[in-house]
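Novice: need a structure here:
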Amino acid sequence: MEKTVVVGATGDVGQGITAQLLKEGRQVVAVGRSPQRLGQLADELGADAALTLCPGDISDATSAARLVETLTGEG
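Specialist: Residues are numbered from 1 along each chain as shown. Next comes the predicted model:
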């Protein structure tokens, strides 16, 4: 299934986008710098298998590589 990446998913706009995509039945990869805030997001949205959390800053090479691994199923 196709995945949608939301960068900045823990911000106000990112949270809204993530919630709407999940309501539409999409698979969402939520990216944010704070693991704690990503956890809160998952709790608030009643996260299930449709939501994948990917903590990190995409301007950091290691975090960007982790995101690629998450998207390709290698991570």
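
Novice: quick one: contacts for the most centrally placed residue in the chain?
Specialist: Centroid check for the chain by CA atoms, centre = their mean gives A30 as the closest residue, at 0.8 Å. Contact analysis of A30 by CB atoms under 8 Å, 6 or more residues apart in numbering lists V6, A9, T10, G14, T18, L38, L41, A42, L51, T52, L53, C54. (Glycine included, C-beta is placed from N, CA and C.)

Novice: before we move on, what about A47?
Specialist: Applying CB under 8 Å, 6+ apart, the residues contacting A47 are L41, L53.

Novice: one step back: could I get the phi/psi values of the nearest residue to the residue nearest to the centre of the chain once chain neighbours are set aside?
Specialist: Nearest residue to A30 in three dimensions, chain neighbours excluded: A9, at 3.6 Å (CB to CB, 6 or more residues apart in numbering). Note on A9: backbone dihedrals following degrees, to the nearest 10 are phi -70, psi -20.

Novice: what's around A9, how many residues?
Specialist: If you count neighbours by other CB atoms under 10 Å, A9 ends up with 27.

Novice: what's the pLDDT at it?
Specialist: A9 is assigned 97 on the pLDDT scale.

Novice: Give me the subset of the contacts of A30 that lies in helices.
Specialist: Counting by DSSP state H, the part of the contacts of A30 found in helices is G14, T18, L38, L41, A42.

Novice: If any of these are buried, put those into a PyMOL selection.
Specialist: In PyMOL, this line selects whichever of the ones in helices among the contacts of A30 come out buried by 16 or more other CB atoms under 10 Å:
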select buried, resi 14+18+38+41+42
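
Novice: I'd say P55 and G39 touch.
Specialist: No. The pair P55 / G39 is not scored as a contact, 9.1 Å apart, by CB atoms under 8 Å.

Novice: So between those two, which is more surrounded?
Specialist: P55 (18 against 15).

Novice: for that one, which residues make a bridge with it?
Specialist: G32 (DSSP bridges).

Novice: and it, what is it in contact with?
Specialist: P55 touches V31, G32, R33, S34, P35, L38, S63, counting by CB under 8 Å, 6+ apart.

Novice: Just the buried ones from those?
Specialist: For these, buried by 16+ other CB under 10 Å: V31, G32, L38, S63.
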